[in-house]
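how does the following fold in three dimensions:
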Amino acid sequence: MVETPLLERPKKLTVENLSILYGDQVALNDISLDIRENEIFGIIGPANSGKTSFLRAINRMDEMSDDMLVRGKVALDGCDVRSWRNVYALRSRIGVVFPLPVGLPLTIYENVALSPRLRGVRNKVELDEIVERCLSRAALWDEVKDRLDSLGSLLSGGQQQRLTIARALSQEPDVLLLDEFSIAVDPVTTMRIEDVLKELREEMTIVLVTNLVQQARRLADRTAFFLGGELVEVGMTEDLFRRQVKDQRTTDYLEGRFG
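This next block holds a predicted model:
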């Protein structure tokens with residue numbers, strides 16, 4: 001089966017003239033880009049470049065923050081995310097994994113089974129299959145399969161992060177947003193999860209925010225470079241790393257001259 005070239009695939013996310021402010025402080029200024037179906041889209045840049053704010057706008061998390069103002073448009077499959085009356089239905093299609101684990105006061109099993117239960121899955125066999133599949137994909141199943149009834153909060157930090165990934169996958173999202181997922185995860189497990197993400201690209205679109213430029217190189221089909229709230233450029237990842245760039249600042253960042 002011949003794979004459709006990346007730029008010929010339908011647009012999964014379309015961002016037009018997106019600006020984000022926190023009070024008088026500009027976090028992002030007039031960003032426009034598109035992200036294609038079944039793409040791993042990397043976002044790199046130093047701290048305070050607006051990378052996390054970009055993810056928050058996609059999932060309408062600004063509605064949880066009184067001082068965050070979003071202007072412009074973000075569309076999922078051509079539909080403005082702001083037009084969704086049910087924000088929870090939107091978020092069921094857009095999973096998020098934050099830099100540090102956000103555990104629920106539930107057992108390991110129920111952390112992963114919660115989302116399927118909410119969408120109506122009641123059959124125990126089906127729930128068991130979902131839990132095992134998601135924990136396996138998050139490289140956690142072998143470590144917890146004999147203690148699924150234990151509290152997820154009792155896991156180590158790295159294990160809790162992988163549990164968060166498993167919980168996001170249990171939503172069966174169309175889009176998975178990953179914000180520095182490997183901060184609390186050891187290098188060996190990070191590589192295992194990266195292998196899983198490469199497989200998941202067949203099923204969903206992944207947006208990966210990372211401060212690790214080599215992680216972007218390993219995973220991302222295309223990469224955007226944010227700096228000081230601006231989109232400096234976006235291009236095929238290998239082109240950027242081969243110094244086929246439009247802006248010298250991109251090369252300077254990739255070569256570690258700042259950031």
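
what residue lies at the spatial centre of the protein?
Leu177 (1.7 Å; CA atoms, centre = their mean).

quick check, that one in a strand?
Yes: counting by DSSP: H, G, I helix; E, B strand; the rest coil, Leu177 falls inside a strand.

contact partners for Ile61?
Quick fix: residue 61 reads Met, not Ile. Leu55, Val96 (CB atoms under 8 Å, 6 or more residues apart in numbering). The C-beta positions use only the backbone N, C-alpha and C, and glycine is treated the same way.

10 Å instead?
Going by CB atoms under 10 Å, 6 or more residues apart in numbering, Met61 touches Thr52, Ser53, Leu55, Met68, Val70, Val87, Arg91, Val96, Leu177.

what does stretch 14-31 rub up against?
32-35, 48-54, 56-58, 62, 65-80, 224, 226, 228-231, 234.

name the residues of stretch 152-170 that come out as buried.
152, 155, 158-170 (16 or more other CB atoms under 10 Å).

pLDDT score assigned to Leu76?
If you check Leu76, the pLDDT there is 97.

before we move on, what about Thr189?
pLDDT, Thr189: 83.

what's around it, how many residues?
19 (other CB atoms under 10 Å).

check for me that it belongs to a helix.
Yes: counting by three-state DSSP, Thr189 is located in a helix.

could you find the closest non-adjacent residue to it?
Distances taken as CB to CB, 6 or more residues apart in numbering place Ala139 nearest to Thr189, at 5.7 Å, with adjacent residues excluded.

can you check Ile183 too?
Nearest to Ile183 is Pro99, by CB to CB, 6+ apart, at 4.8 Å.

now Glu143
Once flanking residues are discounted, Glu143 sits nearest to Gln159: 6.5 Å by CB to CB, 6+ apart.

do the same with Lys73
Glu16 (4.4 Å).

mind checking how far that neighbour is from Val74?
For Glu16, the distance to Val74 (CB to CB, to the nearest Å) stands at 8 Å.

coming back round to it: enumerate every residue touching the residue nearest to Glu143.
With CB under 10 Å, 6+ apart, Gln159 has these contacts: Pro101, Gly103, Ile108, Ala138, Ala139, Leu140, Glu143, Val144, Gly152, Ala184, Val185, Thr189.

which one among those gets closest to Gly120?
Ile108 (21.8 Å; CB to CB).

for that closest one, give me the pLDDT.
At Ile108, pLDDT is 96.

which stretches of the stretch 151-259 of the chain have low pLDDT?
Scanning the stretch 151-259 of the chain for pLDDT under 70 picks out no residues.

strands along this structure, start to end?
Secondary structure of the chain (DSSP state E): strands at 11-22, 25-36, 40-44, 68-76, 79-80, 94-97, 175-179, 205-209, 222-227, 230-236.

name the stretch among those strands that sits most buried.
Comparing the strands of the chain by mean neighbour count (mean count of other CB atoms under 10 Å), strand 40-44 comes out on top with a mean of 27.

hang on, isn't Val96 packed against Ala57?
No: between Val96 and Ala57 no contact is recorded; they are 11.9 Å apart, counting by CB atoms under 10 Å.

tell me how far Gly120 lies from Arg137.
Per CB to CB, Gly120 is found 22 Å from Arg137.
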